[in-house]
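Trainee: Need coordinates for the below:
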Amino acid sequence: MGLSFIFKKLALVAVTLTLTATSVAAQTQPGCESSCGNISIPYPFGTGDGCNISSNFFITCNTTFNPPKAFLTTSYIEILDISLDGYLRISESIGYDCYDKVGRTSYFDLWLMLSKFPISHTRNKFTAIGCDTYAHVEDYLGDTYSTGCLTFCDNITNVVKGSCSGIGCCQTAIPKGVRSYHVTFNSSNNHSNVLSFNPCSYGFVVEDGAYNFSISDLYDENFSDKEFPMILDWTVGNQTCAEAKMDQENYACKENSDCIDPENGPGYLCKCLDGFQGNPYLSQGCQDINECDTLKPCNGPCNNAPGSYNCSCPDGFEGDGLRNGTGCSPKVVMPHHQSFSVAVVALGIGVGVLFSLLCLSWVYMGLRQRKLTAEKSENRQQNGGMLMREQLPKRAEMLTT
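Mentor: Next comes the predicted model:
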């Protein structure tokens, strides 16, 4: 067991997080170190007084290493990358449980405890390796979550390289919102049936996709000395965006930025608005992007604007000016005499259509009037005949009397 394992086991990390939500080059407070060795350190993290948003964002830069290494606060947790997208990549060791013919030879129950940094449930996998292995992971106090996986194999020929489906290697997800874990092991037969090719069980939390299972890992004597990257999520404070905006004095998002409620809270993140880039936690940290230079979106003249741009066409051309749109094309200009001819023809057609409509209206009105006259005449004839038939019997009766 190396010193790094002992240090990590003794370390109790109390961390409160805050940071930004944009992938750009690191930006720091004036006069502060922007990097430690190969690691960029953007504000709100920093290596000195006034260089970080709070003591929880303090980064220890250990210059005894070549190149220097960055560590989270005063712990022995090595930082591999700080992202303004709201995650922190750290280096973490491996837990193990090893045997020989006599019995157990070594055991390391890995644990990590953080006060504010959630272990990312979307970017990590709990991974176990072995052919007689049950690896169990729970929170450090053992009262909020518990999970794990089983992996078995009685013959190394059954193991598939790159597969963590339960034969030699297994993986499972980390629950949401957890800030600690404790890895322990069990073995059904103390590896007695597989000692020739797998004397140890291993368990670790690793960034999803960062570990590719190899059959040789089952019998590699130095595998327990390896470390793998793991992702921590971070946020600013403990408020939601709505709550944080009500406290403008302590609101972390600066000009040309907006607030984001992350999935793995509590707390919030800041992000530069569309059309801007930089560090949203610094005053004037989000700068306008000159899309005309970076994207070259226009087929014609391009005019940059704060957070945006617009395209135009030169005189004599028409279109939207976009390279991926209609672009700019020459306007079609007809000679004057052709324009006059077209106008005369258009006028003639218009007059003709109007005259035709008038004629049709006259014809329609005439036909309608004739129909009405005929209907009146028919009604008079019908009504007069009925009246005569009624009067004739009365006259005959008067003549007989």
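Trainee: Could you point out which residue ranges in the protein have low pLDDT?
Mentor: Low-confidence regions of the chain, defined here as pLDDT under 70, cover residues 1-26, 333-344, 374-401.
Trainee: let's go with 50 and repeat that
Mentor: Counting by pLDDT under 50, the low-confidence segments of the chain come to 1-25, 399.
Trainee: Mark out where each domain of it begins and ends.
Mentor: 92-233, 241-294, 299-340 (automatic domain parsing).
Trainee: mind checking the end-to-end distance for the second one?
Mentor: So that's domain 241-294. Length of domain 241-294, first residue to last, Cα to Cα, to the nearest Å: 31 Å.
Trainee: Spatially nearest residue to Gly86 (excluding sequence neighbours)?
Mentor: Distances taken as Cβ to Cβ, 6 or more residues apart in numbering put Leu269 closest to Gly86, at 4.8 Å, once the chain neighbours are dropped. Backbone N, C-alpha and C define where each C-beta goes, glycine included.
Trainee: Just grab the bridge partners of the one you found for me.
Mentor: As for beta bridges, Leu269 partners with Ile260 under DSSP bridges.
Trainee: cool, and Thr151?
Mentor: Beta-bridge pairing of Thr151, defined through DSSP bridges, involves Thr133.
Trainee: And for it, the neighbour number?
Mentor: A total of 27 residues lie near Thr151 under the criterion other Cβ atoms under 10 Å.
Trainee: Please apply the same query to Met113.
Mentor: By other Cβ under 10 Å, 15 other residues sit near Met113.
Trainee: Then Lys176?
Mentor: Other residues near Lys176 number 15, with proximity taken as other Cβ under 10 Å.
Trainee: For Arg370, what are phi and psi?
Mentor: phi -60, psi -40 (degrees, to the nearest 10).
Trainee: Distance-wise, check it relative to Val363.
Mentor: Applying Cβ to Cβ, to the nearest Å, the value for Arg370 to Val363 is 11 Å.
Trainee: that older thread, with distance to Asn38 as extra columns, can I get the domains of the chain in TSV?
Mentor: As requested, the domains of the chain are arranged in TSV below (distance: least, Cβ to Cβ, whole Å):
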stretch	distance to Asn38
domain 92-233	14
domain 241-294	19
domain 299-340	33
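Trainee: Quick check: closest non-adjacent residue to Met113.
Mentor: Beyond its immediate neighbours in the sequence, the residue positioned closest to Met113 (Cβ to Cβ, 6+ apart) is Ser180, lying 4.2 Å away.
Trainee: same question, Glu318
Mentor: Distances taken as Cβ to Cβ, 6+ apart place Lys331 nearest to Glu318, at 5.1 Å, with adjacent residues excluded.
Trainee: show me where the stretch 201-350 of the chain has strands.
Mentor: The residue ranges that make up the strands of the stretch 201-350 of the chain, judged by DSSP state E, counting those that start in this stretch, are 228-233, 257-260, 269-272, 276-278, 286-288, 302-305, 308-311, 317-318, 329-330.
Trainee: ok now the second one, how far from the chain's centre?
Mentor: Right, strand 257-260. For strand 257-260, the gap between its own C-alpha mean and the chain's C-alpha mean amounts to 14 Å (Cα atoms, centre = their mean, to the nearest Å).
Trainee: list the helices and strands it packs on?
Mentor: In this structure, strand 257-260 makes packing contacts with helix 241-245, strand 269-272, judged by 3 or more Cβ pairs under 8 Å, 6 or more residues apart in numbering; DSSP states H and E.
Trainee: so which of the ones you listed gets nearest Gly130?
Mentor: Of all these, it is strand 269-272 that lies closest to Gly130, at 38.4 Å by Cβ to Cβ.
Trainee: on contacts alone, who are the packing partners of the closest one?
Mentor: Counting contacts by 3+ Cβ pairs under 8 Å, 6+ apart, strand 269-272 is packed against strand 257-260.
Trainee: where does Leu367 fall, helix, sheet strand or coil?
Mentor: Assigned by DSSP: H, G, I helix; E, B strand; the rest coil, the conformation of Leu367 is helix.
Trainee: which stretches of the stretch 51-200 of the chain form strands?
Mentor: If you assign secondary structure with DSSP E, counting those that start in this stretch, the strands in the stretch 51-200 of the chain sit at 59-62, 69-72, 78-83, 87-92, 95-99, 104-108, 111-113, 124-129, 132-138, 146-152, 169-172, 180-186, 200-207.
Trainee: residue ranges for the helices of the stretch 301-401 of the chain, please.
Mentor: Listed from the start of the chain, the stretch 301-401 of the chain has helices (DSSP state H, counting those that start in this stretch) covering 336-400.
Trainee: Return the distance of Ile260 relative to Val345.
Mentor: Remark: distance between Ile260 and Val345 (Cβ to Cβ) = 62 Å.
Trainee: out of those two, which sits in the more crowded spot?
Mentor: Neighbour totals were compared for Ile260 and Val345, and Ile260 leads with 17 against 10 (other Cβ under 10 Å).
Trainee: returning to what we had before: next up, the contacts around the residue nearest to Met113.
Mentor: With contact taken as Cβ atoms under 8 Å, 6 or more residues apart in numbering, Ser180 is in contact with 111-114, 139-141.
Trainee: nearest to Ile41, of those residues?
Mentor: With Cβ to Cβ as the yardstick, the closest approach to Ile41 among those comes from Leu114, at 19.0 Å.
Trainee: Identify the residue spatially nearest to that closest one, adjacent ones excluded.
Mentor: Arg179 is the one closest to Leu114 (Cβ to Cβ, 6+ apart), at 4.4 Å.
Trainee: so how many other residues sit close to that neighbour?
Mentor: Other residues within reach of Arg179 by the criterion other Cβ under 10 Å amount to 19.
Trainee: what does Asp139 give?
Mentor: Counted with other Cβ under 10 Å, the burial measure for Asp139 works out to 17 neighbours.
Trainee: Tell me if I'm right that it and Val178 touch.
Mentor: Yes. Taking contact to mean Cβ atoms under 8 Å, the distance of 5.9 Å between Asp139 and Val178 places them in contact.
Trainee: which residues do these two both contact?
Mentor: Overlap of the contact sets of Asp139 and Val178 (by Cβ under 8 Å, 6+ apart) consists of Tyr145.
Trainee: now Ile231: how far from Lys116?
Mentor: Separation of Ile231 from Lys116 (Cβ to Cβ) stands at 15 Å.
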